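Participant: Please find the sequence and the predicted model below.
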Amino acid sequence: MNAFAQAGTYLVQTLGSVYLLIVMLRFLLQLLRADFQNPISQFVIKATHIPSRPIRKLLPTYRTFDGATLVLAILVQWLVIQLTATINGASIIHPGHAISWSVLGIISLVLNIYFYGLLAVIILSWVAPYNNHPAIALLYQIIEPVTAPFRRLIPPLGGLDLSPIFMFLVIGMLQRFVNALAHSMLLPAAVVPGI
């Protein structure tokens, strides 16, 4: 791979990953009924509104499940995969492979959102427990519905909450499962960001 291909791959994957993160945040915010008046939520909605509008006409939202945003995420990931492959001299990737690789990349991204989000929530609970910044409030709204079942199974012991440890274990096992599945599908790691 020459320097131009490396630079192009880096640029496409970085910009694609950032936009895919924004798209998946919109999906999670709606799924978890987060505060859409939050300034960060407003940015996420505006950044994803125009590309998701035509899909939304075909696939309307059902309760809190926003299928249009999920389809947009798959299309964005597919575009990143194809552009990365093209920059590196490959031809058009078979649509079946591209879609399955896209789905795995999105699952991996969601697991990373929860892994790093939980890590951030733990650190913030130590250093800034009463901070009302919009980003922190939104982070809690995304993480709390997933940590609540773990907290019910493992109640705090003497004021120490051990439930995040078990959530990290579950996330780690799921990440290994996704990586094994990606390996069995012959997914080239250099083509799909996040795997």
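Facilitator: Yep, that arrived.

Participant: Wasn't Phe36 part of a helix?
Facilitator: No. According to DSSP: H, G, I helix; E, B strand; the rest coil, Phe36 belongs to no helix; its state is coil.

Participant: quick one, helices of this structure?
Facilitator: With DSSP state H applied, the chain shows helices at 3-31, 39-58, 67-87, 95-127, 134-153, 163-184, listed in chain order.

Participant: Just name the most buried of those.
Facilitator: helix 67-87 (a mean of 20; mean count of other CB atoms under 10 Å). Backbone N, C-alpha and C define where each C-beta goes, glycine included.

Participant: elements contacting that one?
Facilitator: In terms of contacts (3 or more CB pairs under 8 Å, 6 or more residues apart in numbering; DSSP states H and E), helix 67-87 is packed against helix 3-31, helix 39-58, helix 95-127.

Participant: for the longest one, packing partners?
Facilitator: Packed against helix 95-127 by the contact rule (3+ CB pairs under 8 Å, 6+ apart) you find helix 3-31, helix 67-87, helix 134-153, helix 163-184.

Participant: for the shortest one, what is the average pLDDT?
Facilitator: Meaning helix 134-153. Across helix 134-153, the average pLDDT comes to 89.

Participant: Measure how it sits relative to helix 39-58, angle-wise.
Facilitator: Computed by axes from the mean of the first three to the mean of the last three CA atoms, to 10 degrees, the angle separating helix 134-153 from helix 39-58 equals 80 degrees.

Participant: And for the last one?
Facilitator: Orientation check (the same axes, to 10 degrees): helix 163-184 against helix 39-58 gives 40 degrees.

Participant: can you start the count at 56 instead of 1 from here on
Facilitator: Got it, the first residue is 56 from now on, which makes the last one we talked about helix 218-239.

Participant: So what touches helix 218-239?
Facilitator: The contact list for helix 218-239, computed with CB atoms under 8 Å, 6 or more residues apart in numbering, reads 156, 159, 162-163, 166, 169-170, 173, 176-177, 201-202, 205-206, 208-209, 211, 244, 247, 250.
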